[in-house]
Every structure is written in structure tokens, then in C-alpha cells.
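Q: I'd like to go over a predicted model; first the sequence, then the structure.
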Amino acid sequence: MSTPVNLSSITNINPGGGMWATSANRDNYGNQYMDVLYSRTESGYRFHALLDYRSTRLSGTIFVSYGDASGSTTMVSFELDGRVIETHELTNVTRPIPINLSVENINEFRIIVQRPAGVWLHRGPIPHFGDFDFYP
């Protein structure tokens, strides 16, 4: 069996977006994750990749990091070949959200983050992506 490929190892072709590695690996419920990325900017395509039909499944967890006291909501959507497949709403008390998407026969993959701008307490929480792996 082939080894899964972590999201951090896949090339993000979005010039304006970004996902960054972080050591904030614990959520508000005490769970810990490995290989954590986060999106620190407000809104838009944070991650855009061409999978070239090489993967069958994406697995991982979206979470809010320990101590996040944001006062609004953030929306995270997954888009496959131009279609939004899942959307999740995050607040500072959202439990970790397991993600398990079929990406078989998919070329284009995007993560879209919608996070309100403004004063810190009126922003939504920063989404963290733990252990996001693509499986062959």
C-alpha cells in the first residue's frame, strides 16, 4: 500500500492564498494533532491544488486551537472540480470536525475560508487543519 501524502506536501497553486504550518496542535477539547496547518487570513481560496486524479480520499480534522476566544463564525468549504461538497461553520466552541472526502477521479481541489474581518473579537476563529492526508 502506498503512503498517504500530507496536505503540507502538496503544491498550493493559489498565489494569493496560503496555509502555514503551526505548533498550535491542541484544540479546545484537549485533543492533539500532528502536521497542523492553519489559514490566518480573512477570506477566499486558502488552498488550491491540482490532484491529477492521483488520490482517492482526503482525511483529517478541522479544529479551533486551544484558547481561541473569537466572537464570530468562520465558514470552511471544500470544493472538488468546481463544486462545493461540504461546508462547516466554526465558532470558538466548535468541537473538532472529522473530514473524510472521496477525491477519486478529482483533479481540482480547493479549501475556501470565509472569516469576517474587523476587530479581533468580532472575527471568526482561525481554522486549523490537523493530519490532513491524501490517500492513493
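A: Cool, the structure landed.

Q: lowest-confidence helix or strand of this structure?
A: Sorted by mean pLDDT, DSSP states H and E, the helices and strands of the chain end with strand 43-50, the least confident at a mean of 77.

Q: And for Asp131, the neighbour number?
A: Neighbour count of Asp131, defined by other CB atoms under 10 Å: 17. For the C-beta atoms, the positions are set from N, CA and C on the backbone; glycine is no exception.

Q: That one contacts Leu37, doesn't it?
A: No: Asp131 sits out of contact with Leu37 when judged by CB atoms under 8 Å, with a separation of 10.0 Å.

Q: tell me which element the closest residue to Tyr33 other than its chain neighbours is part of?
A: Excluding its sequence neighbours, the residue lying closest to Tyr33 (CB to CB, 6 or more residues apart in numbering) is Gly130, at 2.8 Å. Gly130 belongs to strand 127-135 when assigned by DSSP states H and E.

Q: and what of Phe78?
A: If you go by DSSP H and E, Phe78 is part of strand 74-80.

Q: What strands flank that strand, and is each parallel or antiparallel?
A: Applying DSSP bridges, strand 74-80 is found paired with strand 83-90 (antiparallel), strand 108-114 (antiparallel).

Q: what pLDDT, on average, does the first one get?
A: Pointing back at strand 83-90 there. For strand 83-90, mean pLDDT is 96.

Q: Past it, which element shows up next along the chain?
A: strand 97-102.

Q: which residues of the chain score low on pLDDT?
A: The chain contains residues with pLDDT under 70 at 1, 15-17, 40-45, 117-122.

Q: how does it look with 90?
A: Across the chain, the ranges flagged by pLDDT under 90 are 1-2, 6-24, 28, 34, 37-48, 67-73, 92, 113-126.

Q: list the contacts for Glu89?
A: 73-75 (CB atoms under 8 Å, 6 or more residues apart in numbering).

Q: Just list whatever residues bridge to it.
A: Met75.

Q: same question, the one 10 residues further on
A: Residues in a beta bridge with Ile99, per DSSP bridges, are Gly60.
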